[in-house]
Each structure stands twice: as structure tokens, then as C-alpha cells.
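Colleague: When you get a sec, could you give me coordinates for this:
(chains A, B, C and D)
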Protein chains: 4
Amino acid sequence: MNSETVPQQAIILISCPDQQGIISSVTNFISSNGGNIIDLDEHVDHTDHVFFMRVAWELSEFTIRDIQIADEFQSQIADQYSMEWSLNFSSHTPKMAIFVSNLSHCLYDILGRYQAGEWAVKVPVIISNHQKLRAVADRFDIPFRFFSINPENKSEQESRQLEVLKELEVDFLVLARYMQILTPKLINAYTNRIINIHHSFLPAFPGSRPYHSAHARGVKVIGASSHYVTEELDAGPIIDQDVVHISHKDDISQLIRKGKDLEKIVLSRAIYSHLERKVLVYRNRTIIFD
Amino acid sequence: MNSETVPQQAIILISCPDQQGIISSVTNFISSNGGNIIDLDEHVDHTDHVFFMRVAWELSEFTIRDIQIADEFQSQIADQYSMEWSLNFSSHTPKMAIFVSNLSHCLYDILGRYQAGEWAVKVPVIISNHQKLRAVADRFDIPFRFFSINPENKSEQESRQLEVLKELEVDFLVLARYMQILTPKLINAYTNRIINIHHSFLPAFPGSRPYHSAHARGVKVIGASSHYVTEELDAGPIIDQDVVHISHKDDISQLIRKGKDLEKIVLSRAIYSHLERKVLVYRNRTIIFD
Amino acid sequence: MNSETVPQQAIILISCPDQQGIISSVTNFISSNGGNIIDLDEHVDHTDHVFFMRVAWELSEFTIRDIQIADEFQSQIADQYSMEWSLNFSSHTPKMAIFVSNLSHCLYDILGRYQAGEWAVKVPVIISNHQKLRAVADRFDIPFRFFSINPENKSEQESRQLEVLKELEVDFLVLARYMQILTPKLINAYTNRIINIHHSFLPAFPGSRPYHSAHARGVKVIGASSHYVTEELDAGPIIDQDVVHISHKDDISQLIRKGKDLEKIVLSRAIYSHLERKVLVYRNRTIIFD
Amino acid sequence: MNSETVPQQAIILISCPDQQGIISSVTNFISSNGGNIIDLDEHVDHTDHVFFMRVAWELSEFTIRDIQIADEFQSQIADQYSMEWSLNFSSHTPKMAIFVSNLSHCLYDILGRYQAGEWAVKVPVIISNHQKLRAVADRFDIPFRFFSINPENKSEQESRQLEVLKELEVDFLVLARYMQILTPKLINAYTNRIINIHHSFLPAFPGSRPYHSAHARGVKVIGASSHYVTEELDAGPIIDQDVVHISHKDDISQLIRKGKDLEKIVLSRAIYSHLERKVLVYRNRTIIFD
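Modeller: Below you'll find the model as predicted:
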């Protein structure tokens, strides 16, 4: 967990048309240059014939300099396999902006982990369309930025949010029960880098008031789903989901109470997977290397 | 489990507008007539102000004769509270008809329990629109009735099925992956007495090929739902639901494989609840007394 | 959740030898005195022939004054059935002391709920044998009391803790990963009022380092168990348990990480049940009315 | 599922001291000889520095003949890395012997899957120390062999069982609630090839009557564990485990009822993993490639 005591690693996420020899080529590239593979996971979609891979290796004796790895990998490996890929270094600690409205349970869960040093992440700002949770941000000494949002000013306010995010060099966004639908402008600025938590097991009960809908339908399980935000509401690639059993004894207030525990855990698990660079998106689905 | 060694019980299921004194009135009726209450469970829907109750009591020293209980309960108790209620005796073993098509996993699960004496039920007939599972029925020495069904003859064939069911005095139907949509005629002949298993966590993925839809959507859990059949497809009162976690590694064939285990267990749990007279339907939802 | 907007309730928990007529007597007592029963749940242990009951009723039109209810219930009902019982009023907000050592995840979870007003509880003090979490207490403006503990001073320090608890009129204790074994003196002062969280599915892996033991044994699920503290270590009545699936990929650090999420949720669920007066202890087991 | 329509595969399971270049060497061996890798999964135990791997590849264009693969792999790859390894071909359908006593639920679950063609397995014999389930074997047309066992004849009868197993060329054994403790002679003849189902979440409640113990302890979850049999009772490598939530309402008969559903599913999942050659045993733990 502590980036200072662990040897620096490079992590590469790859997708490409499936063919023979990919694993062998990639592992040769790493091994022959002195890299020690720490973790390798691959997946083949046999329906679409697509190959996915995550490899992490130690850099301490790797003979290619960090700044050169991308170029070398592109020319030696990626070109011949038509790979899409991304390279990350464990030495870079990502910056996460948290968006909230009035509900605090996800925010507390995130900030408790953050303060405890559970995640390798920085939180430079909490953004809200309400003032209510400013006190929580203050407790944790995190800058809180309030943006009043109504249908008229929404686009303008989002542009200002975007400026803040860029100025702070934010890497990804977490919508911790943020009760606003983002515009395409913001969504497309952070493709597959905005994590939302929706309080139902999607695709059931998208949109507003899912616990009310779940109660009306008489379901025996309720769920929560974390997903990357896309332009279609609650329809982005799902990162994590979980459910809890309920009964006829649970009225809507009990569904909300039990659901909150799900929401915060499922959201935090998704953030963890994202931080660990274990998520690959393909055709609106995710590969989650574990 | 063995009805001969257990004292005979009466079981009453009640629903009525909520008001004070109902529990006390019902338990007085039983206790003052020498009945020993074995199990009592009640539920109040505080939103709709409706009261639900299940009471089971031993009949060995009950001073009202079995045949008189219904009348006495109606006049002494039910009238004043505007109750809807049903009375069952543990001495009556219900008759269950099983409808199947080509998939055997639910059928095997049901018949294994039946043969092992796990349930107090009789299975006078297995009905199918295919010949494939006749061999399974034969293995378990259960009459198998084949009804070829196509769009033209569907109504006619269902009438014949209905005749068989009535002749055999069938109490309720189980659709064990029966791949036909019932017509209202059959549905309304067995209101809240036709148990279906649908291979998704409803209301997500109703209709056909839910595992294909689940895979396309990239969900991280799949589920199964047992429900009473109503005229709207896969929209009846849910009796039981369960889910299993999946990952990107699971292609559609793996979803089908893992889902089968869910389907058979969820269906059998619903049958058990129904057999134990633990299910009350109210406004398309179920109260499941446990 | 807000005690001011909800009508005051009385809640009674009862256990006694099973016999006919108990439910009817109790509900008559409430109904005939103008009480409106909000919730009633009962359970009969048919092996030990013991009857358990929880009843909650609205006091707004109850004709017996709060201060008289206990006496009236004792003489009119409890005596004839040899009941053990306890009476609580929703108007009383319990005081909970939190004991911690160095791990913050359960503490954050509890304090987040506390601050959000999720529970009807007061937290007058956090007690620790380490200084590390003082900063967390400070963030939430809760008095923090440090008691350095070693084998020599343990009994003396516990006596001082006990003084603090009595002075603050603490109703119950929560050991939120408190890494000290309590002495009988403290345990017996708060019988069935000290809630501990143990990081395994008891009775497997009691005592220290259960995740290490779980890893060595190669289990495929890990769990967490909340229980009331008794003199025998990790052997008290279990209030709540839950598990999560793991795999060979999870080393001990991953078990600890995944386990933390379980621990905090299971502990908070147990606190909720306790606060709602839904827990009855009988022969080292719990009845949890839901 | 159908071995005739799927291209033949070779599957190799490997464990060896961890070092650089293993993956690359193995995948090179396969790719350079014309093998198309279908599935590759690896795991490194960073505590013990051990490397584990499962690779499956298509044989249709593989240039090494089946009968030569083992020798070539040993000399070209395994020797230099001090590998322990096993090679299987999807063309070989394993033979499974089922041992039972009086409970039929696991047996029905296995035979239902077997008949439905869910597994690539043959069942040449069911062995029992009771006559009760002969009728089930007969229903499914599987030879049933009865061996009366008592303390005096146990060793002798096991020798006879062993003869039967060898004569039938049985590959592995499934103890489907077989209520006899095997002697080391039988255990050691089928090391890591005898799958047992134990009706608790091990290591809690080993030995007899775990549901009674679970009820006495007042646990809130019960479980089932499938494991390879070793000489120490219920202490072998765990293949699969699962749990179900219970409550105070569940008496021992309900625990047994709910537990049966767990047992059969967990056992069948373990058999599936074994059949798919996805299980590697290391130091009394399992790696389950998924």
C-alpha cells in the first residue's frame, strides 16, 4: 500500500485482435529487458476474437528508461498486433475529484479510507451542487467547491467545474450519489474516468427513485451498481455490482437503509479496481482483472 | 416432514384493513377453543394500512370440528374485520403438475426432492410441449402427457391441458422452464397457483434469452426469479430471487451453466414456500412468512 | 429516524416458558389500554419450549402512564407466565461508548452514521489503549480518553474506564477492533451490552490473527462476526455474521482488505439491531427480531 | 460441452519455484510448435515464491504428436525450471465413482447432471455401505455395489472396493455424503482425487453432526465445504465453499433442509472444477483457475 517501500512497477493494459503469440511476445519484451513480471492476467473474448491483457512488472532492473518504455513498446510489440494499450506507473498517485449532493454515506466511506491511507490516491477537491456536505469536507480538511446548478446555468457551471478539474490536474471523477445528470461535455472530457454509483442492480430500475420502484415491484433482492458514466443515463460499463436480500418486512425506508451499505461498499470497490488499473473497457463492458 | 407423525394443524392466512385488536381477536378465537398456536407471524403494511397474518395451530384438542372451522371463523372473526382469508389443513397433501419443455435441470431437482420425500406433495402428471423429457418422467414413474403446441392449436391444446388438470384435481402448477406463454384462460383458472422460474433477476431481462442480454449488458451478477404467473409476461408477484456473481471470464455458456444452479434452487424454494402455505399475495407483491 | 416526528413507542422484549394464551394476553393488555400495536414478532423454541416476543406499541393514546407500565405489566401479565422481560421507550436515546485500538475502519463507519443521524444514539466518549485514533475522534468532536494498558496495570485501568462509563451513564459498549481482552469485572458490568466484532466467521478462527489462519487453511470464504462479549473469548452470543468469497489470488493483505469491509458493515448492523431493541439473548444464542 | 464438436485440447497444470521467463518459455513452446493457446491463467504465491500455471491449447495444428508432448515438455521446459506438472487431454473422459450412504440429495444432483450431459464424465459405479439408494442407482441404470461395513471388516471391505475401482479404471472418487471415514490405504491410492462434501463451513464444525453444533453455537450462517480427502478428517485442501444466512427461526431440521441445497451445489461445483482440470493442490490449499 505504501508506494515508498514497494518497488516501482509499470502496468500495461492491452487489447487487440486475438492471434497466436501475443503473450509470448509481450512477456519476452519484458523479460528480455530485465523486467520481473509481478502479475499477469489475460482474457480472450472468443466470441469477438479480442485479446485482453494486464501485466505488471518491477522496474528496478528494467533496462529501458521509464520515459522510453511507451515508444519501445509501440514499435517493438504494439504495432505488429494492432494493440490499443495504456501504460501506468505505480509511482504516479492519481488525483480523484468527488462529486456529492446531500447524502453523506458514500463520501464518509471514501474519506475514511483516504484518511486511513487505504488507497494510493489524492483528493484535491470535493464538488457539490449543495452546501450541506461542506461540513464533512471541512472535517477532513479537503477543499469544497459549491456550484449551484439549475437548468439555466447548468452548462455554464459545468464549464467552471471543468476548469477546476483541469487546473487541479484531476485524473478521474467519482460521483458519490451526485444528483445531477452530467452533460456530454464533461462526460467526454473524462471518458471511462467518471465512476458513478447507482442504487439498483442495473439494468433494473435506472433513473430516479429505484428503491421506490423496487418496493412497488416487490423484488426480493436490492442492489447497487458502479459504472463508468456515458451519455446514456445509467447505461455505462458496469464495474461492480452487489445485492442484499430483502423481505416484505422492508418498507422503502428500510430499503434505503440497507441499500446505503451496498452503495458505499460497491462504489469503493470500483474505485479500488480503477486505482489498481485493473479495469479495461470494451464495447460497453468491463474486464476486471483481479 | 412426515404428516403421519406430526399432529394435524390448521393454517390460516389473513389479510384485512389494519386496525387495533386483530391479533388479540384471532389468537383468542384459537386459544379459547383449545387450539395450541404453533406458529404466528404477522405483518403490517404501514403505507397501505393493511394487516397480514399467518397462524398455525394444533387441532388435537381444538373443540371446533375441522369442517366447521371456516364458518365459525367467518362469523366470529372475519366479518368484523373485513378479512380475506384462506384455511388449509396439514392433512391435505396438495397435487402439483409440472410443465416442462427441453431443459431437465429444474425437473430433476424437483423429482429428486419428491422421491426423497422432502416435500408433502403429490405429482400426478408432467406435461410437456416436447417429447424430450419423457424419459425423465419414466425414470421416476410419473405419467407424462405430451401436447404439441403451435400458434394455431395453442388455445385448443391448453383447453385439453386444463381438462387433464381438473380431472387429476391438481392444486397448483409449476413451470419448470416451460417455454410457452400461457393464455389467460389457464392463468385465470389457477390465479396465484402457477409458479414460474425466470432466468434473470426480474424486472431486468424479462422475456426470452436473458443470459444473452445479461452478457451484452456486461452485468456482474446474474439471477433467477420465481413468481406467480399473471397475464403480463414475467411481471407477476415474485416469490423468491437469488443471484450469483459472474465476471468477464464467463461467456454466455458459462452464464447458462451457473444460472441453471440458481434456477433450480430458487424454483424449489418457491415451491416449498407455497407448499407450506407461507405465501400471501397483495397488490402484485408477496408476503413470505418464514 | 427522527424521534421528534415519530410517535413515542414502548417496546417490550419477553421470554418465558411456552404455554397457550401468551400472545393473546399480551396483546389484550396493550389493546384494552388503548395502545396501538405497531410491530409484533414472536418466536417459539419448540426444543426448549421457550416463548419469545417483541411488541412495540404507540403510547399516544395509551391509558397507562409510562412510569406505571412496568408495574402494571408485571402484576397483570408477567407474573402468571413467569416472564423475564425488559421495557424500553423510544424516547430514550441510548449512550454508546466506542473502544478502539489502532484500526480506524470500524470507527469511521460508526462515526459517519452517527454524524449523518442514521442512528438514534449518543456517543459521549471514545476510549483507546493507543493514541493513534485521537485525531479521528477530534475530527468528529468526540471526547477521546486514552488508557495505556499493560499486563500490570490492566485491572486498575479497567476500573478507571468503568468509572468513566458510569459517570457518563453509558448504556452499552462497542469494541470496534479493540485489541484488548476485557476482564470479567467489565464484562459483567455490561452483560449483553458489549458488542464486539471478530474478524472471522466464528466459531472458526477465534483469537488472534484469524486472516493468517484462514489463509493457511486455504478457505474459500472469509467472514466477520459481531457478538456480545462473555468471559470466554470470542464465544459470546452471535448477533450478526457475514462472509465474502475469496480465491487463491488473495494473499493475507487482500484478506485483510476485503475483511475490513465485512467487519465494519457487520458491526454496524449489530449496533443497529441492538439500538432497535431487536436482540434477545437466550442460552448463548440470540433471537434477532427483524 | 460436447467433446466431439470442440477441437481437442491439451491442458497442462504446472507448479515450480518462481523465476523470470517461465510464462514466456511455456507459451513459446506451445506457439512455436503450432499450438493455439485457448486459455492461460497463472498465479504467483509471493510469500512462498511459487509459480502456478494452467494452459490449454488446441491440438489441431500442433506439430508434436500427443504421445510425444510429455517427453518434449519435460526436456525442453520442465527440467530447467524444476517443474511439477500434469498433462491432460480433453479427449479423455474421466471415470468417477460415487460413494453414498443414506442421503440422496447429492446423488440426485450428480446423476441429473450426468444424465443431462452437463459434464464430460462417466459413472461406472455407485458404491454404498447401505442398500437404501440402490433404487436411485437403478432409476439411472448405474451399477450399484453394496459393501456392508463395520469396524471389524472395514479394512477388508475397503480392499474389495479398491479392487472394483481399479478394475473399472476409475479416475477419481466422489463422497456424496458417504458416512464412513476412509482408511489411509484408500486415501493414498487416490491422492487429491477423492472429493468429499462436508456440511459446514470448514474449519468450523468438522466431524459429525455439524448442524447440531451450528444450532447450539447460534451461528447466523451455515455452510458447506468440498475438499480433497486427506488422512486428517475434514482437513484436506478446500475446493469450494458456500454459505446461506439463517436466523433464530431455523431449528435443526431447517438447517438440515437449507444445508442440503448448499451441499449439493458446492459438491457439484467442485466436481466441475476437478473435471475441467482447474484445480492445483499446493501445501494443503488449492489454486482454482476459473
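Colleague: what about stretch A:205-218 and chain C, any contact?
Modeller: No. Stretch A:205-218 is not in contact with chain C by Cβ under 8 Å from any Cβ of the partner chain; minimum separation 15.4 Å. For glycine as for every other residue, the C-beta is placed from the backbone atoms N, C-alpha and C.
Colleague: Show the end-to-end separation of stretch A:77-85, please.
Modeller: 11 Å (Cα to Cα, to the nearest Å).
Colleague: quick check, distance from that stretch to the centre of its chain.
Modeller: 24 Å (Cα atoms, centre = their mean, to the nearest Å).
Colleague: Check stretch A:73-84 too.
Modeller: 26 Å.
Colleague: cool, stretch A:258-267 as well?
Modeller: Remark: stretch A:258-267 is offset 16 Å from the chain centroid, using Cα atoms, centre = their mean.
Colleague: One more: stretch A:109-123?
Modeller: 14 Å.
Colleague: For burial, what's the neighbour tally of A:E58?
Modeller: When neighbours are defined as other Cβ atoms under 10 Å in any protein chain shown, A:E58 has 18 of them.
Colleague: now swap in A:M179 and tell me
Modeller: By other Cβ under 10 Å, the residues close to A:M179 number 15.
Colleague: In contact with it: list those residues for me.
Modeller: Going by Cβ atoms under 8 Å, 6 or more residues apart in numbering or on different chains, A:M179 touches A:101-102, A:129.
Colleague: could you redo the last one with a cut-off of 6 Å?
Modeller: A:S101 (Cβ atoms under 6 Å, 6 or more residues apart in numbering or on different chains).
Colleague: cool, the one 5 residues further on as well?
Modeller: The neighbourhood of A:P184, defined by Cβ under 6 Å, 6+ apart, consists of A:E231.
Colleague: just the one 5 residues further on next, same as before
Modeller: The neighbourhood of A:A189, defined by Cβ under 6 Å, 6+ apart, contains no residues.
Colleague: where do the helices sit along chain A?
Modeller: A:22-32, A:66-73, A:79-81, A:105-115, A:134-139, A:154-167, A:184-189, A:210-217, A:252-275 (DSSP state H).
Colleague: I'd like to know which elements the last one is packed against.
Modeller: With contacts defined as 3 or more Cβ pairs under 6 Å, 6 or more residues apart in numbering or on different chains; DSSP states H and E, the secondary structure elements packing on helix A:252-275 are helix A:105-115, strand A:194-198, helix A:210-217, strand A:221-228, strand A:238-245.
Colleague: still on that earlier bit, any chance of a markdown table for the helices of chain A, columns distance to C:E263 and mean pLDDT?
Modeller: Output for those, formatted as a markdown table (distance: least, Cβ to Cβ, whole Å; pLDDT from 0 to 100):
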| stretch | distance to C:E263 | mean pLDDT |
| --- | --- | --- |
| helix A:22-32 | 38 | 90 |
| helix A:66-73 | 38 | 97 |
| helix A:79-81 | 44 | 97 |
| helix A:105-115 | 13 | 98 |
| helix A:134-139 | 23 | 97 |
| helix A:154-167 | 34 | 97 |
| helix A:184-189 | 36 | 96 |
| helix A:210-217 | 26 | 97 |
| helix A:252-275 | 12 | 98 |
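Colleague: Between the helices and strands packed on helix A:252-275, which one is closest to A:S253.
Modeller: helix A:210-217 (9.0 Å; Cβ to Cβ).
Colleague: Please list the outside residues in contact with the closest one.
Modeller: A:199-200, A:205, A:222, A:252, A:255-256, A:259, B:203.
Colleague: Just the buried ones from those, in ChimeraX syntax?
Modeller: Selection of the buried residues among those in ChimeraX, burial being defined by 16 or more other Cβ atoms under 10 Å in any protein chain shown:
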select /A:199,200,205,222,255,256,259 /B:203
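Colleague: just to revisit the earlier point, can you add distance to D:Y272 and give the helices and strands packed on helix A:252-275 back as TSV?
Modeller: As requested, the helices and strands packed on helix A:252-275 are exported to TSV (distance: least, Cβ to Cβ, whole Å):
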stretch	distance to D:Y272
helix A:105-115	36
strand A:194-198	33
helix A:210-217	33
strand A:221-228	25
strand A:238-245	24
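Colleague: To C:S32, which of these lies closest?
Modeller: So among those, helix A:210-217 is nearest, using Cβ to Cβ, at 34.2 Å.
Colleague: how about that closest one: buried residues?
Modeller: Buried, per 16+ other Cβ under 10 Å, within helix A:210-217: A:210-211, A:213-215, A:217.
Colleague: How about stretch A:152-160?
Modeller: A:154, A:157-158.
Colleague: and what of stretch A:129-149?
Modeller: A:129-130, A:133, A:136-137, A:139-140, A:142, A:144, A:147, A:149.
Colleague: quick one: which of those sit in strands?
Modeller: Using DSSP state E, the subset of these located in strands is A:F144.
Colleague: from the buried residues of stretch A:129-149, which is closest to C:Q19?
Modeller: A:V136 (53.3 Å).
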